[in-house]
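Asker: output the structure for:
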Amino acid sequence: MKNSILTLIILAPLCLFAQSSDYNVSSYHTEGKKAPNTHYIGEAWLNPIIHDDAELGYNITKATFKANSTLDWHKHSSVQVLIIVDGEAYYQERGKKPIILKEGEVIRCEKDTEHWHSSTKENDVTYLALYNGEQPTIWTEVLTQEYYDNVPKLLKKD
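Answerer: Numbers count the residues shown, from 1 in each chain. Prediction:
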(Lines give C-alpha, C1' and ligand atoms only; values in the text may rest on other atoms or scores of the structure.)
Protein backbone atom coordinates (compact mmCIF):
# COMPACT_ATOMS: atom_id res chain seq x y z
CA MET A 1 0.00 0.00 0.00
CA LYS A 2 2.84 2.37 0.90
CA ASN A 3 4.50 1.66 -2.45
CA SER A 4 1.27 2.39 -4.33
CA ILE A 5 0.84 5.73 -2.59
CA LEU A 6 4.50 6.62 -3.13
CA THR A 7 4.24 5.69 -6.82
CA LEU A 8 1.09 7.81 -7.18
CA ILE A 9 2.76 10.80 -5.51
CA ILE A 10 5.73 10.56 -7.87
CA LEU A 11 3.81 9.88 -11.10
CA ALA A 12 0.90 12.32 -10.65
CA PRO A 13 3.01 15.48 -11.16
CA LEU A 14 4.71 13.88 -14.16
CA CYS A 15 1.34 13.17 -15.79
CA LEU A 16 0.20 16.74 -15.21
CA PHE A 17 3.45 18.10 -16.63
CA ALA A 18 3.24 15.83 -19.67
CA GLN A 19 -0.29 17.00 -20.47
CA SER A 20 0.51 20.70 -20.25
CA SER A 21 3.82 20.64 -22.12
CA ASP A 22 2.70 18.95 -25.36
CA TYR A 23 0.06 21.50 -26.40
CA ASN A 24 -0.36 25.24 -26.61
CA VAL A 25 -3.91 25.65 -25.29
CA SER A 26 -5.69 28.97 -24.83
CA SER A 27 -9.28 29.80 -23.95
CA TYR A 28 -11.75 32.35 -25.19
CA HIS A 29 -13.25 32.26 -21.69
CA THR A 30 -10.25 34.24 -20.43
CA GLU A 31 -11.26 37.88 -20.01
CA GLY A 32 -7.99 39.19 -21.42
CA LYS A 33 -6.34 42.50 -20.63
CA LYS A 34 -8.08 45.81 -20.18
CA ALA A 35 -7.49 47.79 -23.34
CA PRO A 36 -6.02 51.29 -23.11
CA ASN A 37 -8.56 54.03 -23.84
CA THR A 38 -7.37 54.59 -27.38
CA HIS A 39 -9.88 54.69 -30.24
CA TYR A 40 -12.84 53.88 -28.06
CA ILE A 41 -15.11 55.23 -25.33
CA GLY A 42 -15.88 53.17 -22.20
CA GLU A 43 -14.40 49.88 -20.98
CA ALA A 44 -12.98 47.07 -23.12
CA TRP A 45 -10.97 43.88 -22.62
CA LEU A 46 -9.02 42.08 -25.34
CA ASN A 47 -7.87 38.45 -25.43
CA PRO A 48 -5.66 37.66 -28.46
CA ILE A 49 -6.55 33.97 -28.76
CA ILE A 50 -4.53 33.40 -31.95
CA HIS A 51 -2.29 36.26 -32.98
CA ASP A 52 0.41 36.72 -35.62
CA ASP A 53 0.23 33.10 -36.79
CA ALA A 54 1.74 33.36 -40.28
CA GLU A 55 0.92 29.77 -41.19
CA LEU A 56 -2.74 30.10 -40.22
CA GLY A 57 -3.03 33.48 -41.96
CA TYR A 58 -5.50 35.17 -39.63
CA ASN A 59 -6.00 36.30 -36.04
CA ILE A 60 -8.78 35.53 -33.59
CA THR A 61 -9.34 38.09 -30.86
CA LYS A 62 -12.00 38.00 -28.18
CA ALA A 63 -13.24 41.47 -27.29
CA THR A 64 -15.57 42.38 -24.44
CA PHE A 65 -17.11 45.84 -24.26
CA LYS A 66 -19.11 46.95 -21.25
CA ALA A 67 -22.48 48.58 -21.93
CA ASN A 68 -22.24 52.13 -23.28
CA SER A 69 -18.80 51.57 -24.85
CA THR A 70 -17.87 52.01 -28.50
CA LEU A 71 -15.02 51.82 -31.02
CA ASP A 72 -14.13 54.65 -33.38
CA TRP A 73 -14.70 54.42 -37.13
CA HIS A 74 -12.06 52.17 -38.69
CA LYS A 75 -11.29 49.76 -41.51
CA HIS A 76 -9.11 46.72 -42.12
CA SER A 77 -6.94 45.69 -45.05
CA SER A 78 -8.64 42.28 -44.99
CA VAL A 79 -12.11 40.90 -44.42
CA GLN A 80 -13.18 40.94 -40.77
CA VAL A 81 -15.73 38.50 -39.35
CA LEU A 82 -17.45 39.23 -36.03
CA ILE A 83 -19.11 36.40 -34.11
CA ILE A 84 -21.30 37.64 -31.26
CA VAL A 85 -20.87 35.14 -28.41
CA ASP A 86 -22.67 37.06 -25.66
CA GLY A 87 -24.78 40.21 -25.34
CA GLU A 88 -25.74 42.72 -28.00
CA ALA A 89 -23.73 44.96 -30.30
CA TYR A 90 -24.28 47.97 -32.49
CA TYR A 91 -22.70 47.67 -35.94
CA GLN A 92 -22.60 50.21 -38.76
CA GLU A 93 -20.84 50.56 -42.08
CA ARG A 94 -20.28 54.01 -43.59
CA GLY A 95 -23.30 55.11 -45.61
CA LYS A 96 -25.64 52.51 -44.07
CA LYS A 97 -27.96 52.54 -41.05
CA PRO A 98 -26.74 50.99 -37.78
CA ILE A 99 -28.07 47.56 -36.75
CA ILE A 100 -28.14 45.48 -33.58
CA LEU A 101 -26.29 42.17 -33.59
CA LYS A 102 -27.37 39.56 -31.03
CA GLU A 103 -25.76 36.52 -29.47
CA GLY A 104 -25.12 33.84 -32.09
CA GLU A 105 -25.12 36.22 -35.06
CA VAL A 106 -22.17 36.53 -37.44
CA ILE A 107 -21.37 39.43 -39.73
CA ARG A 108 -18.73 39.78 -42.42
CA CYS A 109 -17.22 43.19 -43.10
CA GLU A 110 -15.45 43.43 -46.44
CA LYS A 111 -11.88 44.70 -46.57
CA ASP A 112 -11.38 48.47 -46.68
CA THR A 113 -14.99 49.03 -45.55
CA GLU A 114 -15.19 51.81 -42.99
CA HIS A 115 -17.28 50.73 -39.99
CA TRP A 116 -17.64 50.76 -36.22
CA HIS A 117 -19.03 48.31 -33.68
CA SER A 118 -19.66 48.37 -29.96
CA SER A 119 -21.81 47.28 -27.08
CA THR A 120 -25.32 48.69 -26.98
CA LYS A 121 -26.27 51.39 -24.50
CA GLU A 122 -27.81 48.84 -22.11
CA ASN A 123 -25.88 45.59 -22.76
CA ASP A 124 -22.31 44.34 -22.65
CA VAL A 125 -21.09 42.47 -25.71
CA THR A 126 -18.46 39.80 -26.22
CA TYR A 127 -17.43 38.85 -29.73
CA LEU A 128 -14.75 36.95 -31.57
CA ALA A 129 -13.09 38.93 -34.34
CA LEU A 130 -11.40 37.00 -37.16
CA TYR A 131 -9.13 39.01 -39.44
CA ASN A 132 -5.81 38.99 -41.25
CA GLY A 133 -3.09 40.57 -39.19
CA GLU A 134 -0.72 41.70 -41.91
CA GLN A 135 -1.70 45.37 -41.60
CA PRO A 136 -2.84 47.20 -38.47
CA THR A 137 -6.34 48.60 -38.07
CA ILE A 138 -6.74 51.95 -39.84
CA TRP A 139 -8.54 54.41 -37.57
CA THR A 140 -10.43 56.95 -39.66
CA GLU A 141 -12.67 59.11 -37.44
CA VAL A 142 -13.65 59.50 -33.81
CA LEU A 143 -17.13 58.22 -33.06
CA THR A 144 -18.48 60.89 -30.75
CA GLN A 145 -20.51 60.22 -27.64
CA GLU A 146 -23.24 62.40 -29.15
CA TYR A 147 -23.49 60.21 -32.27
CA TYR A 148 -23.40 57.00 -30.19
CA ASP A 149 -26.14 58.33 -27.87
CA ASN A 150 -28.32 58.99 -30.95
CA VAL A 151 -28.09 55.41 -32.30
CA PRO A 152 -31.21 54.12 -30.45
CA LYS A 153 -33.22 56.89 -32.15
CA LEU A 154 -31.80 55.90 -35.55
CA LEU A 155 -32.81 52.28 -34.90
CA LYS A 156 -36.40 53.29 -34.04
CA LYS A 157 -36.80 54.96 -37.46
CA ASP A 158 -36.85 51.55 -39.15
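Asker: neighbours of Ala129, how many?
Answerer: Using other CB atoms under 10 Å, Ala129 has 19 neighbouring residues. Bear in mind the C-beta positions are built from the backbone N, C-alpha and C, glycine included.
Asker: that one against Phe65, yeah?
Answerer: No - in this structure, Ala129 is not within contact of Phe65 by CB atoms under 8 Å, at 11.6 Å.
Asker: show me what counts as buried in the longest strand along the chain.
Answerer: Looking across the chain with DSSP state E, the single longest strand is strand 80-93. Neighbour-count burial for strand 80-93, counted by 16 or more other CB atoms under 10 Å, picks out 80, 82-84, 87-93.
Asker: pLDDT for these - can I get that in JSON lines?
Answerer: As requested, the buried residues of strand 80-93 are arranged in JSON lines below (pLDDT from 0 to 100):
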{"residue": "Gln80", "pLDDT": "94"}
{"residue": "Leu82", "pLDDT": "97"}
{"residue": "Ile83", "pLDDT": "97"}
{"residue": "Ile84", "pLDDT": "98"}
{"residue": "Gly87", "pLDDT": "98"}
{"residue": "Glu88", "pLDDT": "97"}
{"residue": "Ala89", "pLDDT": "97"}
{"residue": "Tyr90", "pLDDT": "98"}
{"residue": "Tyr91", "pLDDT": "98"}
{"residue": "Gln92", "pLDDT": "97"}
{"residue": "Glu93", "pLDDT": "98"}
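Asker: could I get the residues you listed as TSV with distance to Gly104?
Answerer: Compiled in TSV, these are given as follows (distance: CB to CB, whole Å):
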residue	distance to Gly104
Gln80	18
Leu82	12
Ile83	8
Ile84	7
Gly87	11
Glu88	11
Ala89	12
Tyr90	17
Tyr91	14
Gln92	20
Glu93	21
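Asker: looking at those, spot the one nearest Val142.
Answerer: Checking the buried residues of strand 80-93 against Val142 with CB to CB, the nearest one is Gln92 at 14.4 Å.
Asker: now the nearest residue to that closest one once chain neighbours are set aside: how far from Asp86?
Answerer: Leaving aside its sequence neighbours, Gln92 sits nearest to Pro98 (CB to CB, 6 or more residues apart in numbering; 3.9 Å). Distance of Pro98 to Asp86, computed by CB to CB, to the nearest Å: 20 Å.
Asker: Asn68 is in contact with Tyr40, correct?
Answerer: No - in this structure, Tyr40 is not within contact of Asn68 by CB under 8 Å, at 11.3 Å.
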